[in-house]
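Novice: please work out how this folds:
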Amino acid sequence: MTQLELARAGLITKEMKYCAEFEGIEFERLRALVADGKVVIPRNKLHSLERPVAIGEQMTVKVNANIGTSVGYSSLEEELGKLEVALNAGADAVMVLSTWGNLSEMRREIVKRSPAPVGSVPIYDSAVKAYAEKRNVVDFSEKDFINMVLQHAEDGIDFMTIHVGITKRVLEKLKNSKRILKIVSRGGSIIAGWMIKNNKENPFYEHFDEILQIAREYDITLSLGDGMRPGAIVDSTDPQQLEELFFMQELVLKAYDAGVQVMLEGPGHVPLNEIELNVKLMKKIGLGRPIFLLGPLPTDRGVGYDHIVSAIGGALAGYYGCDFLCYVTPAEHVGLPDAEEVKEGVISAKIAAVVADVARGNRKAMKLEEEMAIARRDFDWNKMFKLAIHAERAQRKFEKMKYTDDGCSMCGPFCAIKITKDFAEEK
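Specialist: Below you'll find the predicted structure:
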């Protein structure tokens, strides 16, 4: 039975217990949320998770880090290094989006090494195989779609992006749309290209029942991909994006009936004033299912600093109800991120997640804020660094520019906290 089916049956799994203790809520409350589909716990039955995560309503906002190879940049050692860096920086999950090298071996090794959930995008494998054989990247069969999903399941993948919402109807309307960037989703573009070349319906949609059977057998959480997501601010919240979204409710219900956990993926490029609308609409159409957003990025002009742009958008999205933030690195839109950029991306997204948790009044988040305030009052630097989202840089700076055992070099003898404390003690 899947986590969803067990929760429906009134059973509390060890993953639910772990997540409930981490979140600081009652076991039964989490079980009920999983049973309703409002929370997912991605966990392939073949992956022994040490750090399962609960994603969804009433949970802390989680962060995902994408890693993976590209043409000319393929090293398992490097990807394992990125995995370690991402987890150490605070990522709650990772996605393996490799498009070069031995993809199955890479997935299996990363799943083996990762104590946290691992995600993937199966459609990449078909295109990569075709490209490697010097065929067109959309030159593969319908059966390949299903086989790739099965292969990823057998490799131990915990959650998968399935671009099932790009139907012939949705694609037909794209031709005459006013979009500047028609499709920016790699998986979405591969599927769209296959559909146009073969003049057929999306195999993920046509064979969704088969995919659900695989997902149920391995207890995989399906992330319903937004293949028509806008890739530019000027294309945001347009008819193509919305039509694909409106189609998702049918798929959410089918998955729930099959005992399969699902979450909905959302757009990456959204102006700040449209983030609330997008998040609340996704929650409404998705019947309260968890939302997984890339960024979002409220400007397209932060190239080289997109980790900062996405942190701004991610904090607001989290406040309005986004459950899972996919990080964006400084290398977004210009190149493949290295380990240092992976770290920067995770830290930025983690800051956004914490900001959202605080704004939502999350009990665990507020308790940590209170502890930090007390540590600052008491000049307890070790406690401050322990409570910090990521203390490495702050600690290094503090030790380099140290003023006294109590204060730092920012204010020196004119520290407001110390002056006030000394004055209060004199009274």
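
Novice: counting by contacts, list what the lengthiest helix in the chain packs against.
Specialist: Counting by DSSP state H, the longest helix found in the chain is helix 339-359. Judged by 3 or more C-beta pairs under 8 Å, 6 or more residues apart in numbering; DSSP states H and E, the packing partners of helix 339-359 are strand 62-67, helix 76-88, helix 306-320, strand 324-326, helix 363-377. Glycine gets a C-beta too; all of them are placed from N, C-alpha and C.

Novice: what comes into contact with the last one?
Specialist: Put plainly, it is helix 363-377. 23-24, 60, 354, 357-358, 380-381, 383-384, 387-388, 417, 421 (C-beta atoms under 8 Å, 6 or more residues apart in numbering).

Novice: reformat these as TSV; add pLDDT, secondary structure and distance to Asn198.
Specialist: Output for the contacts of helix 363-377, formatted as TSV (pLDDT from 0 to 100; DSSP: H, G, I helix; E, B strand; the rest coil; distance: C-beta to C-beta, whole Å):
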residue	pLDDT	secondary structure	distance to Asn198
Glu23	97	helix	46
Gly24	96	coil	51
Thr60	98	coil	44
Val354	98	helix	46
Asp357	98	helix	46
Val358	98	helix	50
Asp380	93	coil	64
Trp381	91	helix	63
Lys383	96	helix	61
Met384	95	helix	59
Leu387	96	helix	55
Ala388	96	coil	53
Ile417	87	helix	68
Lys421	81	helix	73
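
Novice: any chance of those residues in CSV, with distance to Arg186 and neighbour count too?
Specialist: CSV is the format used below for the contacts of helix 363-377 (distance: C-beta to C-beta, whole Å; neighbours: other C-beta atoms under 10 Å):
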residue, distance to Arg186, neighbour count
Glu23, 33, 19
Gly24, 38, 12
Thr60, 29, 23
Val354, 30, 21
Asp357, 31, 22
Val358, 34, 16
Asp380, 47, 15
Trp381, 45, 20
Lys383, 44, 15
Met384, 41, 19
Leu387, 38, 17
Ala388, 35, 14
Ile417, 50, 14
Lys421, 56, 15
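
Novice: with respect to Asn102, which of these is nearest?
Specialist: Nearest to Asn102, judged by C-beta to C-beta, of the contacts of helix 363-377 is Thr60 at 35.5 Å.

Novice: the closest one touches Asp357, doesn't it?
Specialist: Yes - judged on C-beta atoms under 8 Å, Thr60 makes contact with Asp357 at a distance of 5.2 Å.

Novice: show me where this structure dips below the pLDDT cut-off.
Specialist: The model of the chain has pLDDT under 70 over residues 404-405, 426-427.

Novice: mind redoing it with 80?
Specialist: 72, 127, 129-137, 402-407, 423-427 (pLDDT under 80).

Novice: for Val334, which of the helices and strands packed on helix 339-359 is the nearest?
Specialist: Evaluated with C-beta to C-beta, the helices and strands packed on helix 339-359 place helix 306-320 nearest to Val334, the distance being 8.8 Å.

Novice: what sits up against that closest one?
Specialist: Taking C-beta under 8 Å, 6+ apart as the rule, helix 306-320 contacts 61, 270, 272, 275-276, 278-280, 293-299, 302, 322, 325, 327-330, 332-333, 341, 344-345, 348-349, 351-353, 355-357, 359-360.

Novice: quick one: it to helix 339-359, angle?
Specialist: Going by axes from the mean of the first three to the mean of the last three C-alpha atoms, to 10 degrees, helix 306-320 is angled at 20 degrees with respect to helix 339-359.

Novice: helices of the stretch 201-350 of the chain, residue ranges please.
Specialist: For the stretch 201-350 of the chain, the helices defined by DSSP state H, counting those that start in this stretch occupy 203-206, 208-218, 239-257, 275-285, 306-320, 339-359.

Novice: next: the stretch 1-150 of the chain.
Specialist: Taking DSSP H, counting those that start in this stretch, the helices of the stretch 1-150 of the chain run over residues 3-8, 14-23, 27-35, 76-88, 103-113, 123-132, 142-154.

Novice: out of those, the one nearest Thr237 is which?
Specialist: Ranking the helices of the stretch 1-150 of the chain by proximity to Thr237 (C-beta to C-beta) places helix 123-132 first, at 25.1 Å.

Novice: dump the C-alpha coordinates for that closest one into PDB.
Specialist: Taking C-alpha atoms only, helix 123-132 is exported to PDB below (Å, rounded to 0.1, in the frame of the first residue of the first chain):
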ATOM      1  CA  ILE A 123      11.000  12.100 -20.600                       C
ATOM      2  CA  TYR A 124      14.600  13.300 -20.800                       C
ATOM      3  CA  ASP A 125      15.900   9.800 -21.100                       C
ATOM      4  CA  SER A 126      14.000   9.100 -24.300                       C
ATOM      5  CA  ALA A 127      15.300  12.300 -25.900                       C
ATOM      6  CA  VAL A 128      18.900  11.700 -24.700                       C
ATOM      7  CA  LYS A 129      18.800   8.100 -26.100                       C
ATOM      8  CA  ALA A 130      17.600   9.400 -29.500                       C
ATOM      9  CA  TYR A 131      20.200  12.200 -29.600                       C
ATOM     10  CA  ALA A 132      23.000   9.800 -28.700                       C
END
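
Novice: just checking, what packs against it?
Specialist: Under the contact criterion of 3+ C-beta pairs under 8 Å, 6+ apart, helix 123-132 touches helix 103-113, helix 142-154, helix 186-198.

Novice: dump these to TSV, plus distance to Cys19 and mean neighbour count.
Specialist: Below are the helices and strands packed on helix 123-132 laid out as TSV (distance: least, C-beta to C-beta, whole Å; neighbours: other C-beta atoms under 10 Å):
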stretch	distance to Cys19	mean neighbour count
helix 103-113	19	18
helix 142-154	22	19
helix 186-198	28	20
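
Novice: how about those helices in CSV, adding distance to Gly72?
Specialist: What follows is the helices and strands packed on helix 123-132, written out as CSV (distance: least, C-beta to C-beta, whole Å):
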stretch, distance to Gly72
helix 103-113, 15
helix 142-154, 23
helix 186-198, 17
